[in-house]
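Undergrad: just a sequence and a predicted model for now, questions to come.
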Amino acid sequence: MSGSAISSGDRDAMKRISIVVVFLLLFTAAFSKLWGVYSHKFSDTTAEGKWIWANHPMTSNIPVAFFAARDFTLPENRAFAHLKVCGDPEYTVWINGREIAAAQIGPAADLDFYDVSAFVRTGSNRIVIAVRAPQGNGGLLASLDISPELEGWVVTDERWTIYRAWRPDLLVAHPTDLWAESPQVVGQPPIGRWNYLKISETALPKPPATTLPPRDAFEVDAQLPHIRTRQGIAVAIAEPTPATAFDFGFTSGRLRITLDDEATRSRAIKVRFANLREELPSIEWNLRTVVLAPGERVVTTSETHLFRYAMLFGRGARAEVVR
């Protein structure tokens with residue numbers, strides 16, 4: 001046998017290497033195809049849209065509420081106006097000064113889809129999106145399509161304006177005497193905990209028609225849960241906290257909170273809903289937190305509640321129901 005002949009062991013090794021190489025090539029091709037399909041799909045969903053946020057330290061655990069705004073122009077020959085938006089953890093949308101929709105985002109965020117064709121016009125328009133975050137972190141992603149060929153006519157990016165304080169006139173025009181800043185760009189999808197968002201077609205809510213004042217209001221010696229570190233160990237404790245309870249009778253609707261004075265910084269109001277009066281003084285971890293921006297006095301929850309009592313922790317705030 002010649003010394004240059006390939007042994008059977010070498011042939012087996014080369015065969016195994018060839019199989020591995022072929023497998024890697026097939027895997028790479030399949031992965032590239034899959035990535036192309038999904039990335040193209042998401043690009044079609046929000047075009048060049050980016051997640052944006054206020055210039056706020058996301059790891060500070062400090063509540064924040066702000067308003068992101070964009071002026072834009074629409075052509076006459078558009079087919080529709082479809083808005084896709086995710087404002088995590090809670091958002092409210094206004095178009096041309098009119099409140100369009102509001103939602104609180106759950107653990108699995110979706111991209112909410114609204115047909116806003118009836119609320120836009122040819123020429124100049126303005127969209128404002130409020131985002132409220134009890135822990136100070138989150139993201140805002142939005143895209144406006146005007147035809148199957150013109151997706152992402154308006155998208156969230158560095159061209160938006162962030163207002164850290166509330167003024168009613170910012171809904172219709174840029175107030176020249178109100179401090180404004182460029183947004184913090186978090187990144188383009190897929191990114192972070194949001195990854196690829198599923199589109200959720202959502203009906204536009206009906207505007208509130210009636211307001212229900214409380215039948216009674218009374219003070220409660222309530223308790224708020226807190227985590228404290230003692231000797232290096234995290235301990236759950238209950239801290240006595242004054243609260244005001246509002247009795248509406250058994251009802252349903254969105255809760256509107258009004259402060260006696262304007263907030264001078266983003267302020268978080270904790271709310272407890274209950275059906276029995278004896279539940280109010282006990283400790284409850286699952287509280288609804290509503291964040292108001294500086295300058296705001298009134299905010300309404302984005303979701304409908306079924307309850308009798310609404311208790312606000314702290315002083316200087318009152319409640320009513322809108323439905």
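TA: Yep, it's here.
Undergrad: ok, the top strand by length along the chain: who's next to it in the sheet?
TA: What stands out as the longest strand in the chain, according to DSSP state E, is strand 233-259. Applying DSSP bridges, strand 233-259 is found paired with strand 216-230 (antiparallel), strand 298-300 (antiparallel), strand 305-313 (antiparallel), strand 317-322 (antiparallel).
Undergrad: what's the closest non-adjacent residue to residue 210?
TA: Of all residues not flanking residue 210 in the chain, residue 323 sits nearest, at 5.9 Å (C-beta to C-beta, 6 or more residues apart in numbering). In short, each C-beta sits where N, CA and C put it, glycine included.
Undergrad: which residues touch the one you found?
TA: Residue 323 sits next to 208, 209, 210, 212, 251, 252, 253, 254, 304 when contact means C-beta atoms under 8 Å, 6 or more residues apart in numbering.
Undergrad: how close does it sit to residue 132?
TA: 21 Å (C-beta to C-beta, to the nearest Å).
Undergrad: which of the strands paired with strand 233-259 sits closest to residue 51?
TA: In terms of C-beta to C-beta, the element of the strands paired with strand 233-259 nearest to residue 51 is strand 298-300, at 23.4 Å.
Undergrad: how about that closest one: buried residues?
TA: By 16 or more other C-beta atoms under 10 Å, the buried positions in strand 298-300 come out as 299, 300.
Undergrad: residues in contact with that strand?
TA: 102, 132, 208, 254-259, 290-292, 322.
Undergrad: quick check on the residues you listed: which are buried?
TA: Using 16+ other C-beta under 10 Å as the threshold, 102, 132, 254, 255, 256, 257, 259, 290, 291, 292, 322 are the buried ones among the contacts of strand 298-300.
Undergrad: so what's the fifth one bridging to?
TA: For residue 256, the residues forming beta bridges with it (DSSP bridges) are residue 300, residue 320.
Undergrad: contacting residues for it?
TA: 211, 298, 299, 300, 301, 319, 320, 321, 322.
Undergrad: the fifth one against residue 291, yeah?
TA: Looking back up the chat, that one is residue 301. No: using C-beta atoms under 8 Å, residue 301 is not in contact with residue 291; the gap is 11.2 Å.
Undergrad: just the helices from this protein, written as ranges.
TA: Secondary structure of the chain by DSSP state H: the helices cover 8-46.
Undergrad: so where's it uncertain?
TA: For the chain, residues meeting the criterion pLDDT under 70 lie at 1-44, 227-228, 230-232, 234-236.
Undergrad: switch the cut-off to 50
TA: Residues of the chain that meet the criterion pLDDT under 50 lie in 1-3, 31-44.
Undergrad: hang on, isn't residue 124 packed against residue 71?
TA: Yes: counting by C-beta under 8 Å, residue 124 touches residue 71, with 6.7 Å between them.
Undergrad: quick one: which of these two has more around it?
TA: residue 71 (14 against 11; other C-beta atoms under 10 Å).
Undergrad: quick one: the nearest residue to the more buried one once chain neighbours are set aside from residue 98, how far?
TA: Nearest residue to residue 71, sequence neighbours excluded (C-beta to C-beta, 6+ apart): residue 126, at 5.1 Å. Using C-beta to C-beta, we find residue 126 at a distance of 10 Å from residue 98.
Undergrad: quick one: which of those two has more around it?
TA: residue 126 (18 against 13).
Undergrad: contacts only, for that one.
TA: 69, 70, 71, 72, 95, 96, 97, 171, 172, 173.
Undergrad: among these, who's most crowded?
TA: Ranked by the number of neighbours (other C-beta under 10 Å), the contacts of residue 126 place residue 95 first, at 23 neighbours.
Undergrad: wait, what's in contact with that residue?
TA: 83, 116, 119, 120, 125, 126, 127, 128.
Undergrad: mind redoing it with 7 Å?
TA: Residues counted as contacts of residue 95 (C-beta atoms under 7 Å, 6 or more residues apart in numbering) are 116, 119, 120, 125, 127.
Undergrad: near residue 294, how many other residues are there?
TA: When neighbours are counted by other C-beta under 10 Å, residue 294 registers 17.
Undergrad: against residue 92, how distant is residue 116?
TA: 14 Å.
Undergrad: oops, could you answer that again for residue 142 instead?
TA: Per C-beta to C-beta, residue 142 is found 12 Å from residue 92.
Undergrad: hang on, the earlier thing: distance to residue 284 for the contacts of residue 256 - can I get that in TSV?
TA: TSV is the format used below for the contacts of residue 256 (distance: C-beta to C-beta, whole Å):
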residue	distance to residue 284
211	27
298	25
299	21
300	22
301	17
319	17
320	22
321	20
322	24
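Undergrad: wait, which of the residues you listed is closest to residue 187?
TA: Residue 187 has its nearest neighbour among the contacts of residue 256 in residue 299, at 28.7 Å by C-beta to C-beta.
Undergrad: which residue is the nearest non-sequential neighbour of the closest one?
TA: residue 292 (5.2 Å).
Undergrad: start to end distance for stretch 100-112?
TA: 12 Å (C-alpha to C-alpha, to the nearest Å).
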